[in-house]
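Student: Could you look at this predicted model? Sequence included:
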Amino acid sequence: MIQLPVQQIQLPSLKEACVQQLETLILSGELRMGERLPPERDLAAQLNISRPILHDALVDLETKGLLEIIPRRGTYVSDYRRNGSLAILSSLLNYHDGSLNQELMGSMLEMRLLIESETGRLAAVNRTEEQLKEFQIILDDEKSTPCNEVQTLTNLDFAFHHLIAIASGNQIYPLILNSFRTVYTSITGDFFSKYYDTSVIRTVHQFHQNIIEAIQRQDVEGTHQLMIKMLNHGETYLKGDVS
């Protein structure tokens with residue numbers, strides 16, 4: 001019997017399926033903010049699952065900020081903009097079938113500019129010799145990767161930005177980037193797919209080279225400004241604001 005290099009297909013658990021269905025109802029607006037869900041016993045019957053499984057799913061959704069469980073009063077749809085965590089970013093991405101709407105895209109790009117211009121500045125101060133070697137490996141891999149290998153280029157781009165966050169010496173910044181990796185790579189994946197065989201990508205990789213050189217010589221302001229220019233360059237092409 002021929003053994004194919006495949007992985008076993010995993011069906012979502014009942015809890016995961018319940019979470020996904022309720023997420024869709026909330027994110028689509030079919031369940032409105034402030035609306036009370038049916039009692040757990042009734043909702044479990046509607047979903048054809050046990051009450052303990054439903055309760056576990058509701059707790060997961062509360063952790064994400066999509067629901068609020070109030071003892072003896074019931075479960076309510078929450079305003080995730082006020083109560084949500086970074087965990088909801090993946091849910092928003094899944095709801096939009098892997099893409100981001102314009103408002104969420106703009107918010108993401110604004111956050112990147114704020115955080116990553118700062119991680120670059122700090123990396124120029126705190127980077128280690130070992131991290132400089134890691135940066136060089138990433139740069140070499142980018143140069144040797146064919147332009148049509150979009151997934152590899154996307155992964156390398158994330159590794160570049162994540163290593164800068166690590167080199168910053170701040171313990172929180174790398175965790176923030178990890179928390180929205182799925183959303184982050186969705187954006188950059190679209191970028192590399194659209195411009196993979198153009199000078200746009202070559203310009204990005206030149207920015208990478210220039211940023212690492214600035215970090216190596218501990219040019220704090222130079223690194224800060226280069227990060228801003230690179231992120232603005234990417235935003236311009238992501239939004240299609242080019243003539």
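Tutor: Thanks, I have the structure now.
Student: which stretches of this structure have low pLDDT?
Tutor: 1-12, 86, 90, 93-101, 241-243 (pLDDT under 70).
Student: top helix in the protein by residue count?
Tutor: If you go by DSSP state H, the chain has its longest helix at helix 102-126.
Student: Which strands or helices does that one pack on?
Tutor: Helix 102-126 sits against helix 150-167, helix 172-179, helix 181-195, helix 199-216, helix 220-238, with contacts defined as 3 or more CB pairs under 8 Å, 6 or more residues apart in numbering; DSSP states H and E. C-beta coordinates here come from the backbone N, C-alpha and C atoms, glycine included.
Student: among those helices, which is nearest V19?
Tutor: V19 lies closest to helix 181-195 among the helices and strands packed on helix 102-126, at 15.9 Å (CB to CB).
Student: in that closest one, what counts as buried?
Tutor: Judged by neighbour count (16 or more other CB atoms under 10 Å), helix 181-195 contains these buried residues: 183-192, 195.
Student: just to revisit the earlier point, please identify the most buried of the helices and strands packed on helix 102-126.
Tutor: helix 150-167 (a mean of 20; mean count of other CB atoms under 10 Å).
Student: ok, the residue lying closest to R112 once chain neighbours are set aside - contacts?
Tutor: Nearest non-adjacent residue to R112, counting by CB to CB, 6 or more residues apart in numbering: L231, 5.9 Å away. Contacts for L231 (CB atoms under 8 Å, 6 or more residues apart in numbering) come out as 109, 112-113, 116-117.
Student: Wasn't Y76 part of a strand?
Tutor: Yes - judged by DSSP: H, G, I helix; E, B strand; the rest coil, Y76 forms part of a strand.
Student: Go ahead and confirm it touches L67.
Tutor: Yes - if you go by CB atoms under 8 Å, Y76 and L67 touch, sitting 6.8 Å apart.
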